[in-house]
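1. sequence first, then the predicted structure:
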Amino acid sequence: MDLKLENICFKNSQYTLIDFGCSIRINFKKKKCKKARGNTMFASVRQLHSRVVPADDVESLLYLMTYCLDDFNLPWQKLRNGTTMQQYFDMRIALRGQYLGYFKSIVPPPLARAFEYLASLSGY
């Protein structure tokens, strides 16, 4: 999924996701897709490995909501400065466990529970 602020519209008190140009159909028999595409800022760690499952869309949406709640900030934004894309991916993967505590401390309790649930899934 290519989640970013530009792909969310607000009208009549309702949010709508738009621009599904990077979306791909998931084959549930294979349980993962061949290739992930889209915005790396809100991407799940599995997307950084190109292994995508439906939970990755939820993880990306949680990152996007946290970004809005935390004054348009994510802890890994500064990691990208002066690094290659592979170094950026490797650092995000290595620091993933630390980010969970950070997210849970700044978001409302329902979102914190969503992060806890996400962490309980295999592969997180």
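-> Received the coordinates, thanks.
2. pLDDT weak spots in the protein?
-> Applying pLDDT under 70 to the chain flags residues 1-2, 19-38, 50-51, 122-124.
3. ok, the residue sitting nearest the centre point of the chain - contacts?
-> For the chain, the residue nearest the mean C-alpha position is Ser60 (2.3 Å; CA atoms, centre = their mean). When contacts are counted by CB atoms under 8 Å, 6 or more residues apart in numbering, Ser60 touches 1, 3, 42-44, 47. In this view, the C-beta of every residue, glycine as well, is placed from N, C-alpha and C.
4. next one: the one helix or strand it maps to to chain centre, how far?
-> For Ser60, the host element (DSSP states H and E) is helix 55-69. Per CA atoms, centre = their mean, to the nearest Å, the displacement of helix 55-69 from the mean C-alpha position of its chain is 5 Å.
5. where does Phe72 land in three-state SS?
-> Of the three states, Phe72 takes coil under DSSP: H, G, I helix; E, B strand; the rest coil.
6. quick check: it vs Leu3, distance?
-> Between Phe72 and Leu3 the computed distance is 14 Å (CB to CB, to the nearest Å).
7. same drill for these two, tell me which one is more crowded.
-> Between Phe72 and Leu3, counted using other CB atoms under 10 Å, Leu3 has the larger neighbour count: 25 against 9.
8. quick one: that one from Thr40, how far?
-> As judged by CB to CB, Leu3 and Thr40 stand 11 Å apart.
9. for Lys78, same thing?
-> From Lys78 to Thr40 the distance is 14 Å (CB to CB).
10. who has more neighbours out of those two?
-> Using other CB under 10 Å, the more surrounded residue of Lys78 and Thr40 is Thr40, with 15 against 10.
11. isn't the more buried one right up against Tyr88?
-> Yes: with contact defined as CB atoms under 8 Å, Thr40 reaches Tyr88; the gap is 7.4 Å.
12. tell me the secondary structure for the residue lying closest to Glu116 once chain neighbours are set aside?
-> Nearest residue to Glu116 in three dimensions, chain neighbours excluded: Lys104, at 7.0 Å (CB to CB, 6 or more residues apart in numbering). Counting by three-state DSSP, the backbone at Lys104 sits in helix.
13. identify the residues contacting Lys104.
-> Contacts of Lys104 by CB under 8 Å, 6+ apart are 112, 115-116.
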